[in-house]
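> Just need the structure, nothing else, for what follows:
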Amino acid sequence: MANDQFPGGSRRLWWLAAIAYGLANILLHEPANDIAKRLVVVLGLQLFLWSTRAFFLAGAVLVLFLCRHLLRDSQTVRRLLIFIPFAAALDLSLVIYPSERIHYPQYAILTWMAFKAGGQALPAVLLSFIFGYLDEANQHWVLYANDPIAYFDWNDVVLNLLAALGGLVLLPQENVRKVPTKRILAAAGAWTLGMSLLVFLLNPDPYLMRSQKTDSFWLVSRSLFDEKSENGFLLAGIECQDPLPCADRNRRHNSVRRRFDRHCWTLLARSIARARRGHSPPRRGGRDARSR
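Down below sits the predicted model:
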C-alpha cells in the first residue's frame, strides 16, 4: 500500500501514536506487573491463568472475525495456513505462563499502528520488533539490573516478533520484486554463521544470564530443562509444584511476584545449583519425570 494513500498530517499523528505506544510498552512494564500481581491475589493463581487463556483465545477469534474479509484473498489464506502451525509450535515451546501471551496484542497493535503511519507492512514489523527488543533490554539492564537471577529473556523477544509477524500476515502486502533463491540462502547462511560465532566464540552468557555463568544456555539448556521435574512440571502453561517441602522453594516462592515473574527460570537456577553439588537428575519415566 502506497504512502500517498495516507494524508501527511494523519501519518504524523499515527507516527506519534505508534512511538508513544511503543514507549508505553517499555516504560509501563512494572505497573503492568503490579496489576497482574493484584489480579493473582484477588482471583487466585489457577483462575488467573485460566482466565488469561480464555481472554487470548477469545481475542484470536475476534481478530479472525474482524478480518474475515481478508480471508477472501487466496494469498492471505495461504500465508495464514503457513503461519498458524509455525506460530503454534513457537507458542507451545516458549510460553510458560498463559499471561505471557500479552505480548501478542501488545506488538500486533504496535505493528498495525506503524503500518497506518508508514503504509508498508514489512517496515512496520521491523519497527515493532525493535521496540520489543528494547523492552527486554530495558528489563535486563535497567529494571532488574541488580537482580542476580535475572536473565535476558530471548523467549519474549521471539514472542514479540511472532506477534509482529502475525500482523504482517493479515496486513495488505505491497508488491515486491522477486529475490533469487541463492541470495536468500546466502543471507540465511551468513546469519546462521554470525550467530554461531556469537555463541561459540564470544560466550554472551555471563552478560545475559548473570548467575548462570559456567554453562552455555544455548548448548546445554535442553538437559537442564529436563531436570525441572525435580521441583515440579509444566503443563499447558501452569507450574505445578512438587508437594514435598523444600527450603529453597519456600525462599524463592515466598511472594506472588516470584511465583509470577520467575516461573521456569527459578527451576533452571535450582537445577544448576544441584548439578554443581553433584545431585543427579531423576531418570526419565520415573515418578517425577512427568510429561509436559
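
> how close does residue 94 get to residue 31?
When distances are taken as C-beta to C-beta, to the nearest Å, residue 94 and residue 31 turn out to be 24 Å apart. Quick note: C-beta positions are derived from backbone N, CA and C, even for glycine.

> Compare neighbour counts for these two and give me the winner.
residue 94 (17 against 10; other C-beta atoms under 10 Å).

> Tell me which residues touch the more buried one, please.
In this structure, residue 94 makes contact with 155, 158, 159, judged by C-beta atoms under 8 Å, 6 or more residues apart in numbering.

> Filter the residues you listed down to the buried ones and hand me the ChimeraX line.
Only the buried members of those end up in this ChimeraX selection, burial being decided by 16 or more other C-beta atoms under 10 Å:
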select :155,159
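
> Redo the contacts of residue 94 as JSON lines? Include secondary structure.
Written out in JSON lines, the entries for these read as follows (DSSP: H, G, I helix; E, B strand; the rest coil):
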{"residue": "155", "secondary structure": "helix"}
{"residue": "158", "secondary structure": "helix"}
{"residue": "159", "secondary structure": "helix"}
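
> Select from the contacts of residue 94 the entry with the lowest predicted confidence.
Sorting the contacts of residue 94 by pLDDT puts residue 155 at the bottom of the list (82).

> Quick check: it vs residue 42, distance?
Taking C-beta to C-beta as the measure, residue 155 and residue 42 are separated by 27 Å.

> Over to residue 76?
Distance check for residue 76 against residue 42: by C-beta to C-beta, it reads 40 Å.

> Residue 72 too?
Here residue 72 is placed at a distance of 43 Å from residue 42 (C-beta to C-beta).

> With residue 190 instead?
For residue 190, the distance to residue 42 under the criterion C-beta to C-beta works out to 51 Å.

> Hmm, residue 168 is touching residue 114, no?
No - counting by C-beta atoms under 8 Å, residue 168 does not reach residue 114; the two are 10.9 Å apart.

> Which neighbours do these two have in common?
Here residue 168 and residue 114 have residue 124 as joint contacts, going by C-beta under 8 Å, 6+ apart.
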